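[1] Pasting a predicted model and its sequence here:
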Protein chains: 2
Amino acid sequence: MLKLYHHPFSPESRFVRLALGEYGTPFETQTEYPWARRHDFLMMNPAGTLPVLKENDGPAVCGATVIMEYLDETRGYAIPNNRLLPDHPEARAETRRLVSWFLQKFLSEVIGYIVQERIYKQEMPDSQGGGQPDSSILRVARANMLNHMRYIGYLAATRKWLAGDRLTFADLAAASLLSCADYLGEVPWSEDENVKSWYARMKSRPSFRPILTDKMLGMPAAKTYADLDF
Amino acid sequence: MLKLYHHPFSPESRFVRLALGEYGTPFETQTEYPWARRHDFLMMNPAGTLPVLKENDGPAVCGATVIMEYLDETRGYAIPNNRLLPDHPEARAETRRLVSWFLQKFLSEVIGYIVQERIYKQEMPDSQGGGQPDSSILRVARANMLNHMRYIGYLAATRKWLAGDRLTFADLAAASLLSCADYLGEVPWSEDENVKSWYARMKSRPSFRPILTDKMLGMPAAKTYADLDF
């Protein structure tokens, strides 16, 4: 059995949940609060970051892209029609480039700020950095969001899926990040029709369902978060 | 033919040069100054980051870990005795975890600051952020260096190579980062005998030679930079 240490609103954790959903692989979850720096969790992943995947008594597989490669190697080969990495090394490189783009650049310039300020800081004790969102940080994130929407829109307009003709990890990465912001009503869908219609396709996939039922205490989802017709 | 767009003191570029050296793959290089945001370079890699690898007329392969996977897929399979990723998915996950640790955490907490302040800022025009190193930033980097030395020392003390019994990409990642700091005399070798003896083994590999001849105008290498006996 697989066990995923995650946080419901950690974008990188959602990425792994989507991938496991696409593969149809059952898994358990345990919610982890990285800011608590729990001793046993740090023993598994000294970086103290999410997500971490454990398979039975195997070693911890740490970090979203490391888990992505692990899942492709241990699950992807077995389901060629549903594989989330293309076959050709050049196409694989393009998929991985976009996964890095989303999980590093889009995360650090936009979504990381939004999740930190509007979700994590609400859950953290004051002593660990909790408190009110910093509106100047959110302003930067919202401005950067527009550039990233344009880039996703460009990809969605020129390709069937973000990395090419087939659904790949790149789509899961972009959708997992957007979904966290969407819960908070922070995605300006009207900015780009191509992003919206691509995301509507993502949202209607069965792998997305568990994510659409995620809830945060005291912070209800934006009205259209779970609507397939938003 | 492979062509690598790099900067001689970009740690992630050195990582790729070491990997190509280990594979014995010939390649051309072109020095790129990411802060110049050259138009044709941004067309290859919209993220504007180094390194970028081009194979003949193929698409650009962007980013150190994406290039690592590409090289393993296109070169590594062919040389099983010299492969830089282990065979077993769990061992591969451990190698990738450490590569991420070094290329993300060690880079962002230590080496990135040192290279930015002491190398890039000396080469940048003032209008693009050049100037004197910020000593408060360097102080933070040097303090963080000690924790990272301890972690590398722990790995070197308990394993033959950093990720296990064989040389892997993890060793190349750690060594490429340390080599940039070492050029500037910024590695406290006396802190950990295990790190030092592991690095001495790395430094004596033929793949390391080109890196030991790198020079920066107006900033000679620290006295022991190219010494195998340091």
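    Here it is on my side, so go on.
[2] Which residue ranges make up each domain of chain A?
    For chain A, automatic domain parsing gives the domain ranges A:2-82, A:89-212.
[3] near chain B, anything from the helix ranked longest in chain A?
    Assignment by DSSP state H gives helix A:135-158 as the longest helix of chain A. Yes: using CB under 8 Å from any CB of the partner chain, helix A:135-158 reaches chain B at A:Tyr151. Any C-beta I mention is one placed from the backbone N, CA and C, and that applies to glycine too.
[4] And the contacts of that helix?
    Contact partners of helix A:135-158, identified using CB atoms under 8 Å, 6 or more residues apart in numbering or on different chains, comprise A:98, A:106, A:109-111, A:113-114, A:116-118, A:162-163, A:174, A:178, A:181, A:186-188, A:191-195, A:197-198, B:46.
[5] same thing but at 7 Å, please
    For helix A:135-158, contacts defined as CB atoms under 7 Å, 6 or more residues apart in numbering or on different chains pick out A:106, A:109-110, A:113-114, A:117, A:162, A:174, A:188, A:191-192, A:194-195, A:198.
[6] Let me have these in a markdown table, extended by secondary structure, distance to A:Leu18 and neighbour count.
    As requested, the contacts of helix A:135-158 are exported to a markdown table (DSSP: H, G, I helix; E, B strand; the rest coil; distance: CB to CB, whole Å; neighbours: other CB atoms under 10 Å in any protein chain shown):
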| residue | secondary structure | distance to A:Leu18 | neighbour count |
| --- | --- | --- | --- |
| A:Phe106 | helix | 15 | 25 |
| A:Glu109 | helix | 21 | 16 |
| A:Val110 | helix | 19 | 24 |
| A:Tyr113 | helix | 22 | 22 |
| A:Ile114 | helix | 19 | 24 |
| A:Glu117 | helix | 24 | 20 |
| A:Leu162 | coil | 13 | 28 |
| A:Ala174 | helix | 11 | 30 |
| A:Pro188 | coil | 22 | 14 |
| A:Glu191 | helix | 23 | 13 |
| A:Asp192 | coil | 21 | 20 |
| A:Asn194 | helix | 20 | 16 |
| A:Val195 | helix | 17 | 24 |
| A:Trp198 | helix | 14 | 24 |
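[7] Dump those residues to TSV, plus pLDDT.
    Supplementary listing: the contacts of helix A:135-158 in TSV, determined by pLDDT from 0 to 100:
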residue	pLDDT
A:Phe106	98
A:Glu109	98
A:Val110	98
A:Tyr113	98
A:Ile114	98
A:Glu117	97
A:Leu162	98
A:Ala174	98
A:Pro188	97
A:Glu191	95
A:Asp192	96
A:Asn194	97
A:Val195	98
A:Trp198	98
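[8] Most widely separated two among those?
    Farthest pair in the contacts of helix A:135-158 (CB to CB) is A:Glu117 and A:Asn194. Separation: 27.9 Å.
[9] Make CSV from the domains of chain A and add distance to B:Thr224 to it.
    Below are the domains of chain A laid out as CSV (distance: least, CB to CB, whole Å):
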stretch, distance to B:Thr224
domain A:2-82, 30
domain A:89-212, 34
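[10] List the contacts of the closest residue to A:Cys180 other than its chain neighbours.
    Take A:Cys180 and drop its neighbours on the chain: the residue closest to it by CB to CB, 6 or more residues apart in numbering or on different chains is A:Pro11, 5.0 Å away. By CB under 7 Å, 6+ apart, A:Pro11 lies in contact with A:107, A:111, A:115, A:176-177, A:180.
[11] can you do 10 Å?
    A:50, A:64, A:102-103, A:106-107, A:111-112, A:114-115, A:173-181 (CB atoms under 10 Å, 6 or more residues apart in numbering or on different chains).
[12] Next: A:Gly129.
    Applying CB under 10 Å, 6+ apart to A:Gly129 gives the contacts A:35, A:116, A:120-121.
[13] Out of those, which are close to chain B?
    Among the contacts of A:Gly129, no residue is within reach of chain B (CB under 10 Å from any CB of the partner chain).
[14] From those residues, which land in helices?
    Per DSSP H, helices hold the following members of the contacts of A:Gly129: A:Lys121.
[15] For B:Asp134, state which of the contacts of A:Gly129 is nearest.
    A:Gln116 (25.0 Å).
[16] State the pLDDT value of the closest residue to the closest one other than its chain neighbours.
    Counting by CB to CB, 6+ apart, A:Gln116 lies nearest to A:Ile137, which is 7.9 Å off, once chain neighbours are set aside. pLDDT, A:Ile137: 98.
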